[in-house]
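Chemist: 3D model of this:
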Amino acid sequence: MKTKVKLVGLALLAMMVVSGCHARQNAGQSETKLADQPQPSKLTTALKPASQKAAEDAGTRSNQQMTYSRFYYHQNHWRWALTAKGKTIVKGIVTTSQKKDSDQKLTIKRNNGQKMALTLSWLDGGLHSYSLKSSAPKLSRNFIIGDDGTAWTKGVPSELKGTWETGIYDAKRLNLGGKLDSSSSSVDKQMLKEKTYFYILDTTLDGLNNSYDQQGNKVSDGAGWGANSAVSYKKLTGGDYLLKSYWAGRKVAPDVYRVNLTGNRLKLIDTVGDIPLMTRKSTKNTPVVDDESSSSDTDSDSTSSATTATTNRTDTNNLTTAQVNDWVWTNMLKDDLKGNPDKFAQSDYLFMQNMNKKGTLDIDVRENHSTRRMQEAGASPDIDPRVASYEINAKGELMKQDIVTGKYKVVSTQYGE
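Modeler: Reported below is the predicted structural model:
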């Protein structure tokens, strides 16, 4: 009897030991999981957006070898790895980080014990692409988050092509990363509302934010988001798309947007500021801006004013889009360009037409910094500056805005003059 009791006791003891081992093992697994969750810190804020695997952009590939970059958190450290064809090229722990301007200066302790200085720079406000640079080992490459390395398709998909617009919404002045910008000027504070246009075209990806006061009156026209070309796209899952172009004059600098299309609504993902859902205003492959009317989604090239002038000459109240551009260009050659010493062509400018509240036509002229001539003249690839503002009034006269007074005066009463 005593022997049986002793055996039972030993069995219970063995079960307790085994169960304790399992408990310690499970606790260890839980601790490991908790340890692999990065704690809030400046380094986590800097590297977490880059924690998804990113394929190298074609603009910086050497010998067309595809490489992949990823920052990740493991065993209480942020780490970085550069791989190609499943093999590790460089790998190490991020030991120090210092922000300098918009760059993140990182120190990487490689697996071989050597240290390397690595500079991380975001290439777009939505944090969809970044560059990595190092002098030892020599490295200068761009990466696109969410890109799996498969081929991109030239142009844009038909379901996205055209002009997209929001309604007028409350503006938020935000810094990169989404924090409110407290340094807004007194002029900015008057611009309490905005309306955003986004142009998804075969030749360029662009947009602008027009500013309004609290009553909904336009305060100023926004500048273009930047001249670019060589547009391509990649369709992802769940209605998401990556859209890519290259800054004019810098074929290795990609400008990347990620958008989501659900039904007839488009969302710009992770942009600086909170831009509302957009609807498609036009399917044309040219920018369309019209703050007052949403009925401009047509393929007609005709533009008209509230009244129509009848004359033996060309009816300047019923000109085609091309005729309007030609008329403005003729005046620019006589006025702004004065003989055109730089030999610019009409195609070196953007003519953005907009029917205003009065029913007359506004023409906003901007430099097109994506063209060869503009680039050779040293034009900045990051902006499309306004050159002049015109209007065709109800009488069919071409008027130009004085840059000092803001008032318009008639500069031509006959088409072609």
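Chemist: Excluding chain neighbours, give the residue nearest to residue 122 in space.
Modeler: residue 130 (5.1 Å; C-beta to C-beta, 6 or more residues apart in numbering). Every C-beta, even on glycine, is put in place using the N, C-alpha and C of the backbone.
Chemist: residues near that neighbour, how many?
Modeler: 22 (other C-beta atoms under 10 Å).
Chemist: residue contacts, the residue most central in space within the chain?
Modeler: Nearest to the geometric centre of the chain sits residue 257, at 4.6 Å (C-alpha atoms, centre = their mean). Shown in contact with residue 257 (C-beta atoms under 8 Å, 6 or more residues apart in numbering): 124, 126, 128, 205, 242-244, 268, 271.
Chemist: now, which of those residues lie within strands?
Modeler: 205, 242-244, 268 (DSSP state E).
Chemist: Whichever of those end up buried, select them in ChimeraX.
Modeler: What follows is the ChimeraX syntax selecting those of the ones in strands among the contacts of residue 257 that are buried according to 16 or more other C-beta atoms under 10 Å:
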select :205,242,243,244,268
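Chemist: Relative to residue 148, which of the ones in strands among the contacts of residue 257 is nearest.
Modeler: residue 242 (10.0 Å; C-beta to C-beta).
Chemist: Output the below-cut-off pLDDT ranges for the stretch 251-400 of the chain.
Modeler: 251, 271-274, 290-313, 339-342, 357, 381-384 (pLDDT under 70).
Chemist: Can you show me the strands along it?
Modeler: Ranges of strands in the stretch 251-400 of the chain, per DSSP state E, counting those that start in this stretch, are 254-262, 265-268, 278-282, 302-304, 318-320, 349-355, 361-367, 386-392, 398-401.
Chemist: what residue ranges in the stretch 51-200 of the chain are flagged as low confidence?
Modeler: In the stretch 51-200 of the chain (pLDDT under 70), the answer is 172-191.
Chemist: who touches residue 97 in this structure?
Modeler: Applying C-beta under 8 Å, 6+ apart, the residues near residue 97 are 42-43, 46-47, 104-107.
Chemist: From the chain's centroid, how far away is the helix or strand encompassing the residue nearest to residue 122?
Modeler: Assigned by DSSP states H and E, residue 130 belongs to strand 129-135. Put simply, strand 129-135 sits 19 Å off its chain's centre (C-alpha atoms, centre = their mean, to the nearest Å).
Chemist: on that earlier part again, just grab the bridge partners of the residue nearest to the centre of the chain for me.
Modeler: Beta bridges link residue 257 to residue 243 when assigned by DSSP bridges.
Chemist: Can you tell me how far it is from residue 162?
Modeler: Taking C-beta to C-beta, to the nearest Å as the measure, residue 257 falls 15 Å from residue 162.
Chemist: what's the answer for residue 128, then?
Modeler: 22 Å.
Chemist: Then residue 141?
Modeler: 33 Å.
Chemist: same deal with residue 133?
Modeler: Taken as C-beta to C-beta, the span from residue 133 to residue 162 is 37 Å.
Chemist: who's more crowded, these two?
Modeler: Ranked by neighbour count (other C-beta under 10 Å), residue 133 and residue 162 place residue 162 first, with 21 against 15.
Chemist: isn't the more buried one right up against residue 202?
Modeler: No: Residue 162 is beyond contact range of residue 202, at 10.5 Å (criterion: C-beta atoms under 8 Å).
Chemist: anything in contact with each of the two?
Modeler: Common neighbours of residue 162 and residue 202 (C-beta under 8 Å, 6+ apart) are residue 285.
Chemist: Columns distance to residue 167 on top of the contacts of residue 257, output as TSV?
Modeler: Shown next, in TSV, are the contacts of residue 257 (distance: C-beta to C-beta, whole Å):
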residue	distance to residue 167
124	25
126	21
128	25
205	22
242	26
243	22
244	28
268	15
271	17
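Chemist: what two of those are the furthest from one another?
Modeler: 244 and 271 (15.3 Å).
Chemist: Could you check how many residues crowd around residue 338?
Modeler: 9.
Chemist: which residue ranges form the helices in the stretch 1-150 of the chain?
Modeler: Along the stretch 1-150 of the chain, the stretches classed as helices by DSSP state H, counting those that start in this stretch are 2-35, 42-47.
Chemist: That concludes my questions; thank you for your assistance.
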